[in-house]
Each structure stands twice: as structure tokens, then as C-alpha cells.
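>>> Please find the sequence and the predicted model below.
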Amino acid sequence: MVALAGVVVGYAIAWAVPRCLLTNSKRQRAERARLEALANATFEGLVLVRNTLVAEANMRFLDMVGLSREDLINTPLCKLGLDDKSASTLRTMQSGEQKTCQLRMRSGDDITVQVQAREMDYEGEPSLILAFRDVSSEERTRARIMHMAHHDALTGLPNRARFRESLEHELERAWVTHDEVALMFFDLDRFKEVNDVHGHAAGDALLVAVAERILDSLPEGAIASRLSGDEFAVILPRVDSRLEATTIAERVVDNVAKPATIGAVHLNVSASGGVTMFPLDGEDPDRLMNQADQALYRAKHQGRNCVAEFDPQMGRQMQEKRMLESDLAMAIEDELLDLHFQPQAHLGSGDIVGFEALVRWHDDERGFVPPSQFIQLAEETGQILRLGQWVIERACREAVNWTDGQRVSINVSPAQFKQGNLVLSVERALRSAGLDPSRLEIEITEGVLIDDEARALTILRRLKDLGVGLAIDDFGTGFASLNYLRSFPFDKIKIDRSFISGIQNQPEARIIVHSTIDLAHQLGMGVVVEGVEDMDELIALGDLNEVNVQGYLLARPLTRGAIKDFLASPPDLRAEILAGASAVRRA
């Protein structure tokens, strides 16, 4: 570009060759016309300045500034600058102190130009030739590139990189002015369902609408950003108190929660928010971002569609949870978990007909980690897929060694059912272990079926085609279980412990349990009653010859090494169960 400008300046010098060098007027006019045509053909605007006034200009320059030659000649060069800074730069170039520059210039549409100057002697007087190159389009392109690098393409909000720069800038300013700064994180509740059900186009349109609602909720000076996906962040400089910040965050959540119409789709939207404060909660940007994220996590667990403030105690809990998450991943990878097996007995005969596989974790430092703690964590972090695969494979390998042909039951989590290739996993585990498919029973809860019944039905039918048994777990705890019995190919119902605990003192619970058992038998399904812990509960169940029971009355979950001895144990345990059942029949 500079080289081209140099060439153009060379043309300009030729164009301004003193007339005295031409030997006759005819030749002079021809040469002058040729040079003028050459000057007008250049891409640069050329201007000859003498005594600070414009003495000559080519057509390209006239087009740039939108003036006629008559209006331009004898105009002070500095008048062409768009502002005082540009005018001052032109004066500096006239003085010879500066040879190149970039400035803004007056035009129909104000433009940015690059200017190169060269001094010369014109008709015996010192003059200045300037070449102007319009770089407005290049400047706009650079501006667009810079905007794209720092802004989200979908919503137009600053992106994570720009957000981080803004946060650091505001914290540095607040250090000097002793102001408080609030940092808020938001994300949509169950946004994935919008994409899954209505498609990504609807999800994108919703994000645009949410961004607008967030901006409408914020005071002047607030900085809103889209970090990624459905995650948004807001910086509130110069807030007066934590209460003010929380109030603004609640206004954002309330505004986002208004119903949204995306094309022909009507969506009920909600968001959760987390708030932390500088310098009250922390001073480091990374720490503040982590704390806002923790507060957001707290809001999610408080029921969503709400705002939570950062709590230092929550920070410690989050750190412990992150460590537990890391250790769980290592335990799954290194197969440091174990399976225990809780037996199921047939009341009519006392025979042990099966075992439910239950995963257990004994950590070297924490000791026994409750399944309710690490199973939920595995589901939240996506580790449940690997954990579930391991359970299926290990349970099949163990069950193939049981000589009396007992079944092994495996509970499948909703995430494993929806996201993993469950049918393939089961098929591979059966083939690898050499286990007859009829000896494997897959247990699922009602929550697996709710979101996509058609897909769930397809998977269950494919499992049935393998010869695997199917049981619905925790039956009676959901609102639509009866409909599922009619629609899905279940072989067995497992009645939840919540109906069995204290059943001897609850006539209503007995009625529900007996009705459920009768219904299952009429539908040709088996029944397992879970959580039977004492003889009083067993007796309260009534005459249940064709029912299986599971619970502490029979045995606590057994290690795999204890199963053989349990199966070979004296008959008094089974006799006790049979005696209890007989007592019911005699009554």
C-alpha cells in the first residue's frame, strides 16, 4: 500500500511538471492532457497544495470529498479534516513534520483515508503533493472482525473473552474508587429440552429473546455477556449494596420467566441466577467467577427460577464435591468400585430366585460413600454412562457363576437409558459373560419413560427381543404408573418401600399394596415387594404365595464372595419366612 502510494506520488510529480519544461504550446497541451488523464486514472486522490491552499486535485479526490473543482481550489487543506484532530494532522503534514498518516475526512459519507506527502518545487514555488487512499471499507472490515472476535454472533452480546476484559477493568477501577461491583451468572432452566423437542433453531431464537430481556432488566452502565450455550453473565459497576444487586438479579429472572412465543411454539421459560460481590466475597476475577457459578448452582438446587447469593460455606461444599467428582472418575476408571447383591425370595417356596446388583464405593480416605451421594453426582457429571456400563458387565459376569440359575436385576438410570446405547451394552455384556438373557432383569423408574415415550417403547421392545426381563421400579411413586403398565412390555412390578414401611399400622397402605399385587397378577406380571425389614411387615402383607420379597428381613446386600455361603446356609432363615407366610394363611 505504501509502495503504491509512492508510485502515485511519482505520477503526481509528473502531473505537476512545470510548464516551462515543455518547448511549445501544442506539445505542452498534449503532454499536460496525458499527465492529467494519468493522474485521474489512479486509485488515489491527488492534491497539490501551495501556501496551505489546495491548488489542484484529480477527479478521484473530487469524488472522495464530493466537491467540484471550483469549490475545492483555494480551500485551506486543514478544512478537509472531519474533526480538530484530523485538521491538526493535516497542518502537521503541511509543515513537513509528518510524511504519512491516517485520518478522518469530510465527505458525503465521512471516510477514513491514508495520506502520503512529498514536497516538490512547482512553478518555482515550494509545494506539497498529497496522495489520499480511501481505506473506509478496510476499516469497516477490521471493525467487523474485531467485533466478531469479542461478541457473540447469535445475540450480539460481548462474549466470554470480552467479558473477562470488562471484569478485570471494572475491578481495577473499583480498587481506585473504592466501589462495590456485583457479578451475576444466569442460565436457563431445562434449556436442553427446548433444543431436543423443538430444534436448535427454536433454541437459538429463544436465546436471542432472553438476551433482550436481560438487557431490558438492567440499569444503565451494566455489562451483559453471553458466556456459552444458555449461560449469561452480568457485571454491575458501582452498586450500593448486596441487596441492590440481588434485587436486580431477581428482576432479570422475573423478566426472563415471561412466556415466549417462537414462531408457532409457545414456551414457558425460567432462569436461575447467582450473585457474588467485590470486594466483600473476593477480589480475584477467577475466584469471583467461580463463586458466581457456585451461587448459580445453589439456585438450581433451591428449585430453579430463583436467585441465590454466594455463601462461603457453599464454596467449601463445592470444593469437596469437585474433589469427590474427580475421585469418582478415578474409581470408575481403575475399577475401585464393587457390587453387592441383595437377595430376593419367593414367598410360596422360600427359594432365592434372584439378586439385585447394588454398586458400592469404599474410598481409602472417606470410607464408605453412600450410593445416594455418588450416584447422583455421577448422573450430574455424565459419569453414570461409564458407571452403568461397568455395572452391567460386572453383574453378568457374577451371575453366570450362580449354580441355581437365579436372576440378576440391574437398575438403569434415566441418563443411561436416554443417552447411552443401552441395548448394545446389554447385548455385549451378555455375550461376553455367556449369561442366558432370561437371567438378566433390567429395572427402570417411571422417570425414564416420561420425556419420550415412543423412544422408550422402542428400547424396551428391543430389550425384550433379546430375551431380557423388564421391571418397573419404585412403582406407585409416580402419577402415571398405571398407564405405563398398559403401554409398556413390563414383566414385573417392584412395589416401593415407602408403601411397606409400617404397613402393619396403616390399613390404607395395605389396601394399595394388595390392589397393586392383584392388578399385576391379572396383567400376567410378577411382583417384588421391596424394603421388607421385619416379620410384622411380612405378616401384614397377607397371603402372598406368588410374590417375591426383598429387604433386610431376608438379608442385607451381600458381597459377591458371600453369595455362595448364603445360598448354602441352613434352612432356618427361609423357614422363618415360610412360617410367617403360613401364619398369615392360617389367620
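Now that the structure is in, tell me what you want to look at.

>>> domains of this protein?
The record's domain parsing of the chain by automatic domain parsing lists 2-139, 151-310, 322-586.

>>> end to end, how far does the second one reach?
Looking back up the chat, that one is domain 151-310. End-to-end span of domain 151-310 (CA to CA, to the nearest Å): 28 Å.

>>> Wait, a strand at residue 511?
No - read with DSSP: H, G, I helix; E, B strand; the rest coil, residue 511 is helix and lies in no strand.

>>> if we can go back for a sec, need the domains of the chain in a markdown table with mean pLDDT, can you?
A markdown table is the format used below for those (pLDDT from 0 to 100):
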| stretch | mean pLDDT |
| --- | --- |
| domain 2-139 | 73 |
| domain 151-310 | 91 |
| domain 322-586 | 84 |
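
>>> who wins for proximity to residue 316 among the ones you listed?
Closest approach to residue 316 among the domains of the chain (CB to CB): domain 151-310, 10.0 Å. (Each C-beta comes from the backbone N, C-alpha and C, glycine too.)

>>> where do the helices sit along the stretch 251-400 of the chain?
Counting by DSSP state H, counting those that start in this stretch, the segments of the stretch 251-400 of the chain that form helices are 285-301, 312-333, 371-381, 384-399.

>>> Can you lay out the domains of the chain as CSV showing distance to residue 145?
Formatted as CSV, the domains of the chain follow (distance: least, CB to CB, whole Å):
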stretch, distance to residue 145
domain 2-139, 11
domain 151-310, 11
domain 322-586, 36
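
>>> would JSON lines of the ones you listed with mean neighbour count and distance to residue 316 be doable?
Output for those, formatted as JSON lines (neighbours: other CB atoms under 10 Å; distance: least, CB to CB, whole Å):
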{"stretch": "domain 2-139", "mean neighbour count": "16", "distance to residue 316": "51"}
{"stretch": "domain 151-310", "mean neighbour count": "18", "distance to residue 316": "10"}
{"stretch": "domain 322-586", "mean neighbour count": "17", "distance to residue 316": "11"}
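
>>> Using PDB, write out every CA atom in stretch 107-116.
Once non-C-alpha atoms are left out, stretch 107-116 reads as follows in PDB (Å, rounded to 0.1, in the frame of the first residue of the first chain):
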ATOM      1  CA  SER A 107     -17.300  13.600   2.600                       C
ATOM      2  CA  GLY A 108     -20.900  12.700   1.800                       C
ATOM      3  CA  ASP A 109     -20.200   9.700   4.000                       C
ATOM      4  CA  ASP A 110     -17.300  10.600   6.300                       C
ATOM      5  CA  ILE A 111     -14.400   8.400   5.300                       C
ATOM      6  CA  THR A 112     -11.100   7.200   6.600                       C
ATOM      7  CA  VAL A 113      -8.000   7.900   4.400                       C
ATOM      8  CA  GLN A 114      -4.400   7.100   4.400                       C
ATOM      9  CA  VAL A 115      -2.300  10.000   3.300                       C
ATOM     10  CA  GLN A 116       1.300  10.200   2.000                       C
END
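
>>> ok, back up a step: put together CSV for the helices of the stretch 251-400 of the chain, with distance to residue 494 on each row.
CSV is the format used below for the helices of the stretch 251-400 of the chain (distance: least, CB to CB, whole Å):
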stretch, distance to residue 494
helix 285-301, 28
helix 312-333, 26
helix 371-381, 17
helix 384-399, 17
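
>>> Can you say which of the ones you listed is nearest to residue 406?
The nearest among these, by CB to CB, is helix 384-399 at 7.3 Å.

>>> what's the closest one in contact with?
332, 335, 337, 339, 341, 355, 357, 359, 375, 378, 406-408, 410, 412-413, 415-416, 419-420, 425-426, 428-430, 432-433, 435, 439-440, 560, 563 (CB atoms under 8 Å, 6 or more residues apart in numbering).

>>> Following element in sequence after it, please.
Downstream of helix 384-399, the first helix or strand assigned by DSSP states H and E is strand 407-411.

>>> Distance from the chain centre to that next one, please.
Centroid displacement of strand 407-411 relative to its chain, using CA atoms, centre = their mean, to the nearest Å, is 34 Å.

>>> Quick one: distance of the next helix or strand after that strand to the chain centre.
Next along the chain after strand 407-411, taking DSSP H and E as the criterion, comes helix 414-419. Counting by CA atoms, centre = their mean, helix 414-419 is centred 18 Å from the centre of its parent chain.

>>> my read: residue 157 touches residue 151, true?
Yes - contact criterion CB atoms under 8 Å: residue 157 and residue 151 qualify, at 6.6 Å.

>>> Show me where the stretch 151-300 of the chain has its strands.
Applying DSSP state E, counting those that start in this stretch to the stretch 151-300 of the chain gives strands spanning 180-188, 223-228, 231-239, 260-262, 265-267, 271-278.

>>> The first one packs against which elements?
Think strand 180-188. In terms of contacts (3 or more CB pairs under 8 Å, 6 or more residues apart in numbering; DSSP states H and E), strand 180-188 is packed against helix 160-177, helix 200-217, strand 231-239, helix 242-256, strand 271-278, helix 285-301.

>>> can you list those in a markdown table and add distance to residue 489?
Formatted as a markdown table, the helices and strands packed on strand 180-188 follow (distance: least, CB to CB, whole Å):
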| stretch | distance to residue 489 |
| --- | --- |
| helix 160-177 | 47 |
| helix 200-217 | 33 |
| strand 231-239 | 41 |
| helix 242-256 | 42 |
| strand 271-278 | 38 |
| helix 285-301 | 35 |
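
>>> No more questions from me, cheers.
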